[in-house]
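Undergrad: Predicted coordinates and the sequence they were generated for:
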Amino acid sequence: MRHFLKKTAAAAAFALAGVSLASAEPAKVGFSPEAYPPFWSADASGKWTGWEVEIIEALCGEAKLECELTPIPWDGLIPALTTKKIDLIMNSMSITAERQKTIDFSDKYYNTPTAVIGPKGEQFDATPAGLKGKIIGVQVSTTHAAYVKKHFTEAAEIKEYATQDEANQDLVAGRLDAVQADAIALDAFLKSSDGSACCDLKGYVEEDLEVLGPGVGAGLRKEDTALKDRLNGAIKAIRDNGKYAEITKKYFDFDVYGD
């Protein structure tokens, strides 16, 4: 995921609006401060916006939490949670069995396919046979890194990156033959000036629930059962009262919740 934006911690971490501070319980929400449109983007002032940011605000308001976005590098999010530097993770983190060995998750709040993109004019698909002999880029410590190591190691050379944007830019530069990531994030890249000039969709990978998981949820410490219940209740509430749909239609013309 996502290219690091050189913003100050003060600009990156802020109390989300719309919550009554007098009655809300403080909660630090860990996120990796990298552009990941349409989920996360920062404006010139350092204010974070995007689908996931608005969903976090809605969930925190519903759960009566005074949420403060707290920037942590992606591969440090789970350690920061377990050492109580943050209270939860909401950063497009997939619910997987491997992560559940260390932390717990709320119910899912979205679920989208996994895609592979590559240079225009090159014909291949998102299979071991299609990627044979190619160099494929993924972000380190993600479900996509786990997936390519399980399914594509014998066929392709795998290169890991600290951020998704770095992988995308190496694809643009011709140092990679393919990139795997969340389909929505890659679609946003393909609509950018760099992405539209260089690349197109090659296909979607075969489903593997063990690795990719059933969707994205909020990461929590295993002992924080009360917070989990509050978040699960908030997810259900914004789905039922229309807030989820209201936010989603600003960014997508399809359902991102999944089955």
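TA: Cool, got the structure. It should be emphasised that the depicted structure is a prediction, and the values quoted were computed from it without experimental measurement. Numbering: from 1, shown residues only.
Undergrad: Strands of the stretch 101-250 of the chain, start to end?
TA: Counting by DSSP state E, counting those that start in this stretch, the stretch 101-250 of the chain has strands at residues 104-110, 114-119, 135-139, 157-161, 178-182, 199-204, 216-220.
Undergrad: Deepest-packed of those, please.
TA: Looking across these with neighbours counted as mean count of other CB atoms under 10 Å, the highest average goes to strand 178-182: a mean of 26. Glycine gets a C-beta too; all of them are placed from N, C-alpha and C.
Undergrad: That one - what's its average pLDDT?
TA: Averaged over strand 178-182, pLDDT sits at 97.
Undergrad: ok, back up a step: in TSV: the strands of the stretch 101-250 of the chain, plus distance to Glu68.
TA: As requested, those are exported to TSV (distance: least, CB to CB, whole Å):
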stretch	distance to Glu68
strand 104-110	18
strand 114-119	31
strand 135-139	25
strand 157-161	28
strand 178-182	25
strand 199-204	36
strand 216-220	15
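Undergrad: To Ile72, which of those lies closest?
TA: strand 216-220 (11.4 Å; CB to CB).
Undergrad: Of the strands of the stretch 101-250 of the chain, which is nearest Ser193?
TA: Of these, nearest to Ser193 by CB to CB is strand 199-204, at 11.7 Å.
Undergrad: residues in contact with that closest one?
TA: Strand 199-204 has contacts (CB atoms under 8 Å, 6 or more residues apart in numbering) with 113-120, 124-127, 130, 171-172, 178, 183, 186-187, 189-190.
Undergrad: what does stretch 141-150 give?
TA: 1, 74-75, 94, 96, 98, 114, 136, 138-139, 156, 158, 160, 180-182, 205, 208, 211-213.
Undergrad: do that again at 7 Å, thanks
TA: With contacts defined as CB atoms under 7 Å, 6 or more residues apart in numbering, stretch 141-150 is touched by 1, 74-75, 94, 96, 114, 136, 138-139, 158, 160, 180-181, 205, 208, 211-213.
Undergrad: Domain-wise, how is this structure divided?
TA: Listed by automatic domain parsing, the domain ranges of the chain are 3-111+214-251, 114-211.
Undergrad: any idea which of those domains scores lowest on pLDDT?
TA: Averaging pLDDT over each of the domains of the chain puts domain 3-111+214-251 lowest, since it has a mean of 89.
Undergrad: how far out from the middle of the chain is that domain?
TA: Its chain's C-alpha centre and that of domain 3-111+214-251 lie 10 Å apart, by CA atoms, centre = their mean, to the nearest Å.
Undergrad: same thing with stretch 101-117?
TA: Offset of stretch 101-117 from its chain centre (CA atoms, centre = their mean): 8 Å.
Undergrad: Check stretch 138-148 too.
TA: Offset of stretch 138-148 from its chain centre (CA atoms, centre = their mean): 12 Å.
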